[in-house]
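J.: A predicted structure for the sequence below; I have some questions about it.
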Amino acid sequence: MKARTPHWPLDRVKTLVADGRVFIQRSRALVFFADREAATRAVQQVVSGLTPRSFAETKTQTYDTCDVYGVRWEDEGWYLKICVDETMPEVAVISFHPLAHPLRTNGGLVSPSPAK
Amino acid sequence: MTMKAARRCHECGTGKVIPVAKAGRQERYRTLMLEIPAHVEIPTCDNCGAEWMDPGTARAIDEALKSVYQASLRTLLNKALIKIRARTSMRRVERLLGLSEGYLSKVSNSRSEPSAELVSNLGLISMNPTSRLRDLETFWTLSKKRAASTGRKSPRPSKTSSAAIEQRP
């Protein structure tokens, strides 16, 4: 089965985030961290480690096309949904939170629970 | 002068994200839920109210909340110390928490910043000082006994083994 490819090129996403061009939604990302800088660092760390294997699916929303990734971070499965706003340009992190359910990615199933 | 266009909100898709400064916004910072100072601007959608953040805004908000947090820790510390002082000496508390003599007085008089860990410990003790301090003393006493018992790997040495030791060069 052919691997799915993200709508937003991963290199472009990583370059923007590494440059600090990232915009994070508070209610679905920041609340999981001790403070905002910790959340920003976590997003930058996770995005820098993304690979095509982490990619799950592209979701076409009313006004945006977003890419969803499933990653293992600090021993737990996390859900990441991003899109690129080329008018700024920057990466909008719409969701970054622990997985509620297992997520199928190109690399396999990412489960919410800590790895045994 | 050119003005950068406001961001479109990626949550609702229609609103514009603009900096908003107002009172009444709550945010968890470390261990506490705090009110963000009213002067701090947070990018907010003018349609759905979703709040956003970039690294620069994150730093600014955390800086503002840090001083609020430190002030809150000091208030909690002093409240705990009032309850504890009614029951016991500060010297006893310092000894059980492994603090240097006079440290609690220094922190209480703003000559040192209290850590969340210290405030947590004092907060727990203040809920029932007599009982909690007694538990702490029991904990350290048991720890000492455990350490002593694990250090002794065999029963008291017998005469035979003593003789064997004496034969060593």
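T.: Looks like it came in fine. Numbers count the residues shown, from 1 in each chain, chains lettered A, B, ... in the order given.

J.: Nearest to chain B: which residue in chain A?
T.: A:Tyr63 (3.1 Å; Cβ to the nearest Cβ). In short, each C-beta sits where N, CA and C put it, glycine included.

J.: Could I get the pLDDT score of that residue?
T.: A:Tyr63 is assigned 83 on the pLDDT scale.

J.: what helix or strand does the residue nearest the centre of chain A sit in?
T.: For chain A, A:Leu80 is the residue whose C-alpha lies nearest the centre (Cα atoms, centre = their mean; 2.8 Å). Secondary structure assignment for A:Leu80, by DSSP states H and E: strand A:76-85.

J.: now check the following helix or strand past that strand, is it near chain B?
T.: Sequence-wise, the next helix or strand downstream of strand A:76-85 (DSSP H and E) is strand A:90-98. Yes. Strand A:90-98 lies within reach of chain B by Cβ under 8 Å from any Cβ of the partner chain, at A:90, A:92, A:94.

J.: low pLDDT regions in chain A?
T.: Within chain A, the stretches with pLDDT under 70 are A:1, A:115-116.

J.: so what's A:Ile24 closest to, chain neighbours aside?
T.: A:Val93 (4.4 Å; Cβ to Cβ, 6 or more residues apart in numbering or on different chains).

J.: For that neighbour, the count of nearby residues, please.
T.: 27 (other Cβ atoms under 10 Å in any protein chain shown).

J.: What's opposite it in the beta bridge?
T.: A:Ile24, A:Ile82 (DSSP bridges).

J.: so it makes contact with A:Ser27?
T.: No. With contact defined as Cβ atoms under 8 Å, A:Val93 and A:Ser27 do not form a contacting pair (11.9 Å).

J.: Could you tell me which residues make contact with the residue at minimal distance from the centre of chain B?
T.: Chain B has B:Ala116 as the residue nearest its centroid, 1.7 Å off, counting by Cα atoms, centre = their mean. For B:Ala116, the contacting residues are B:30-31, B:73, by Cβ atoms under 8 Å, 6 or more residues apart in numbering or on different chains.
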